[in-house]
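Asks: Give me a 3D structure for the following:
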Amino acid sequence: MNASTCLQSETLRALAAQAGLVNPSISIIPLEGQPSSLALQTTHYPASMIKTPLAAALCALWESGELRRDETRIVEAQNLTANDSDSPLEPGYEARLEELARLMLVRSDNIATNVLIDAIGRERGTGYCCRIGLRSTAIRRKLSGADPLIADPPATGRNAHPAADAAQLFSMIAKGSIAGASWPRSDR
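Replies: Reported below is the predicted structural model:
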């Protein structure tokens, strides 16, 4: 670590402490200039942050033709879970993948997220993340809006999407360097 990085790390630590953050996970990747990551890393459960890499994988599948935006999935009872606000999704409802993706991102809908995890597949979603350089991101289980966790027999552990991977993904989206980076802005 060079002297300017140390200074920046110390500044980050001071700002985090001033904000009352005990074990922060902070990563900064400038959009302009030399790509670099400055991080204070603590492993945290990503909760709804896993929705962004899931959406990125979905956009890549749309672009490759493996899935279509207008393709539908039936909402199944096993994907129901709590949300911060009421979900419009009910068992038996046939939703388009694009509708589910919008609900996942705009309303942070956990039910839509769980249906999309089934549609995309955990391994395929995680594999896409790895291919674009998000090596520590993994989609392993469906979301539960509250305890107890929903039954998810195919789960292989906790989801992972550390701050450094999140910063890298947001940088790629901002620069338009991954498939679907302009969605949903491109087709309002």
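Asks: When you work out contacts or count neighbours from here on, use the C-alpha atoms and nothing else.
Replies: Will do.
Asks: Can you pull out the low-pLDDT segments for the chain?
Replies: Along the chain, the model assigns pLDDT under 70 to residues 1-7, 33-42, 185-188.
Asks: Now do the domain split for it, please.
Replies: As given by automatic domain parsing, the domain ranges for the chain are 1-42, 46-187.
Asks: TSV please, covering these and showing mean neighbour count.
Replies: As requested, those are arranged in TSV below (neighbours: other CA atoms under 10 Å):
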stretch	mean neighbour count
domain 1-42	13
domain 46-187	18
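Asks: residues touching residue 181, list them.
Replies: Contact partners of residue 181, counting by CA atoms under 8 Å, 6 or more residues apart in numbering, are 56, 59, 172-174.
Asks: can you check residue 80 too?
Replies: Residue 80 makes contacts with 90-91, 110-111, as judged by CA under 8 Å, 6+ apart.
Asks: change it to 10 Å
Replies: By CA atoms under 10 Å, 6 or more residues apart in numbering, the contact list for residue 80 reads 87, 89-91, 110-112, 114-115, 143-145, 150.
Asks: pretty sure residue 132 contacts residue 173?
Replies: No - using CA atoms under 10 Å, residue 132 makes no contact with residue 173, being 11.5 Å away.
Asks: Quickly name whichever of the contacts of residue 80 is closest to residue 163.
Replies: The nearest member of these to residue 163, counting by CA to CA, is residue 143 at 18.8 Å.
Asks: Shouldn't that closest one be within a strand?
Replies: No - counting by DSSP: H, G, I helix; E, B strand; the rest coil, residue 143 is not found in a strand; it is coil.
Asks: Tell me how far it lies from residue 54.
Replies: 12 Å (CA to CA, to the nearest Å).
Asks: Equivalent analysis for residue 152, please.
Replies: Residue 152 is 17 Å from residue 54, by CA to CA.
Asks: Could you do residue 89 as well?
Replies: Applying CA to CA, the value for residue 89 to residue 54 is 19 Å.
Asks: what's the answer for residue 139, then?
Replies: 8 Å.
Asks: And the helices in this protein, which stretches?
Replies: Secondary structure of the chain (DSSP state H): helices located at 3-18, 51-64, 97-106, 110-120, 122-131, 163-175.
Asks: Give me the common contacts of residue 139 and residue 54.
Replies: 117, 121-122, 124-126, 129.
Asks: any idea which of these is closest to residue 26?
Replies: residue 129 (19.7 Å).
Asks: ok, now which ones touch the closest one?
Replies: 53-54, 56-57, 123, 135-139, 161, 165, 169.
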